[in-house]
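K.L.:
Structure of the sequence below:
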Amino acid sequence: MASNVNPTVRRRRLGQELRRLRELKGMTAEEVAERLLVSQSKISRLENGRRSISQRDVRDLCGVYEVEDHRIVDSLMQMAKDSRQQGWWHAYSVYIGLETDAASLRVYDPQVVPGLLQTRQYAESLIAGALPETAPTDVEKRVNVRLRRQERVKATENPLRLWVVIDEAALRRRVGDKQLMIDQLEFLIDQSQLPHVTVQVLPFSMGAHPGINGQYAILEFPDASDSSVVYIEGVTSDLYLEKANDVQKYSVMYEHLRAQALNVDQTREFITKVAKEYADGTAG
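P.N.:
Alright, predicted model coming up:
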């Protein structure tokens, strides 16, 4: 397994292979769980890469599926061993691990500037306001993680292809003082000049639109064997959608958002206008 593939993606690949073996055997997840005296949820989490997979898990599952080719078993066992390595993001979220290995990312955010395009000051003020009971040291840790994630956008080689659609509300929601917002909007314009970054604003004048229900992101990976993932952030838990039909629905919805949003040049003009309003004291 290539060393530049992170453990989160390895788990997904291994889970997909284990699901394929189960389906070839004609067994349901419930039947496998009953054979191994484990919960069905464990089998599901192993197959969707949401749970760390041990070599013992692989051995037991291959036994149930009657895999006789030792080369296949050995390969899966090695994948399990590799998948248990920990990247720098392991203490934070599965999402960051996926984002780290993604080739492209499409984001829609109706409330705030997306994390990959935030300044340090904006991130600090946003996190402190969103999590008022969080200690300052923990706020700082979260900010540093957010800035670490931005390294993929700033990379000179193989940068993350980023496409962002932001609702006008995200520009007009004052986070911190007006100078902080001016700096953030100017930074947003600067980042939009990068050849691999596209920023579009969805103005209030567009009315109801397909993203009205909230924020989501679509991650796509360089290896064709890795299915795309739709990520929806929650308050207490996050949602990951990987079924082709689900990903397709969100992709179509994103295309509608892009079509309804201002184009790239109009977006820069619009952001510049809002920044001027903050400077004049007429915004927020």
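K.L.:
Pull up the distance across stretch 25-44, start to finish.
P.N.:
End-to-end span of stretch 25-44 (C-alpha to C-alpha, to the nearest Å): 16 Å.
K.L.:
Can you list the buried residues in stretch 212-227?
P.N.:
Within stretch 212-227, the residues scored as buried using 16 or more other C-beta atoms under 10 Å are 215-221, 226-227. Backbone N, C-alpha and C define where each C-beta goes, glycine included.
K.L.:
And stretch 49-65, by the same measure?
P.N.:
49-51, 53, 57-58, 61-62, 65.
K.L.:
What of stretch 121-136?
P.N.:
Neighbour counts over stretch 121-136 (16+ other C-beta under 10 Å) mark 121-128 as buried.
K.L.:
What is the neighbour count of A155?
P.N.:
A155 has 11 neighbours, counted by other C-beta atoms under 10 Å.
K.L.:
Next, it: phi, psi?
P.N.:
Here is the backbone geometry of A155 (degrees, to the nearest 10): phi -60, psi 140.
K.L.:
a strand runs through M27, doesn't it?
P.N.:
No: read with DSSP: H, G, I helix; E, B strand; the rest coil, M27 is coil and lies in no strand.
K.L.:
Quick check, pLDDT for it.
P.N.:
pLDDT for M27: 92.
K.L.:
wait, doesn't it sit right on E47?
P.N.:
No: M27 lies out of contact with E47 (C-beta atoms under 8 Å); the separation is 12.0 Å.
K.L.:
ok, these two, which is more surrounded?
P.N.:
A count of neighbours by other C-beta under 10 Å puts E47 above the other of M27 and E47, at 22 against 17.
K.L.:
which residues does the more buried one contact?
P.N.:
E47 is in contact with 15-16, 18-19, 22, 29, counting by C-beta atoms under 8 Å, 6 or more residues apart in numbering.
K.L.:
let's go with 6 Å and repeat that
P.N.:
15, 18-19 (C-beta atoms under 6 Å, 6 or more residues apart in numbering).
K.L.:
So the residue at the greatest distance from the centre of the chain versus G15, what's the distance?
P.N.:
The centre of the chain is farthest from one residue, E68, which by C-alpha atoms, centre = their mean lies 37.3 Å away. Here E68 is placed at a distance of 21 Å from G15 (C-beta to C-beta, to the nearest Å).
K.L.:
Also Q118?
P.N.:
32 Å.
K.L.:
next one: D60
P.N.:
D60 is 15 Å from G15, by C-beta to C-beta.
K.L.:
And for L126?
P.N.:
Distance check for L126 against G15: by C-beta to C-beta, it reads 34 Å.
K.L.:
Then T198?
P.N.:
Separation of T198 from G15 (C-beta to C-beta) stands at 32 Å.
K.L.:
So which of these two has more stuff around it?
P.N.:
Set side by side, T198 and G15 show more neighbours around G15, with 23 against 17, by other C-beta under 10 Å.
K.L.:
Spit out the contact partners of that one.
P.N.:
Here G15 is in contact with 46-49 (criterion: C-beta under 6 Å, 6+ apart).
K.L.:
so which strand or helix has it?
P.N.:
helix 7-25 (DSSP states H and E).
K.L.:
Give the buried residues for that helix.
P.N.:
Applying 16+ other C-beta under 10 Å to helix 7-25 flags 7-19, 21-22 as buried.
K.L.:
Please apply the same query to stretch 39-48.
P.N.:
Result for stretch 39-48 [16+ other C-beta under 10 Å]: buried residues 43-48.
K.L.:
Now intersect those residues with the helices, please.
P.N.:
The helices, defined by DSSP state H, take in 43-47 from those.
K.L.:
nearest to V143, of those residues?
P.N.:
For those, the residue nearest V143 by C-beta to C-beta is R45; the value is 30.3 Å.
K.L.:
any idea how far that closest one lies from G176?
P.N.:
39 Å.
K.L.:
got a list of contacts for stretch 253-264?
P.N.:
With contacts defined as C-beta under 6 Å, 6+ apart, stretch 253-264 is touched by 106, 108, 165, 200-202, 206, 209-211, 270.
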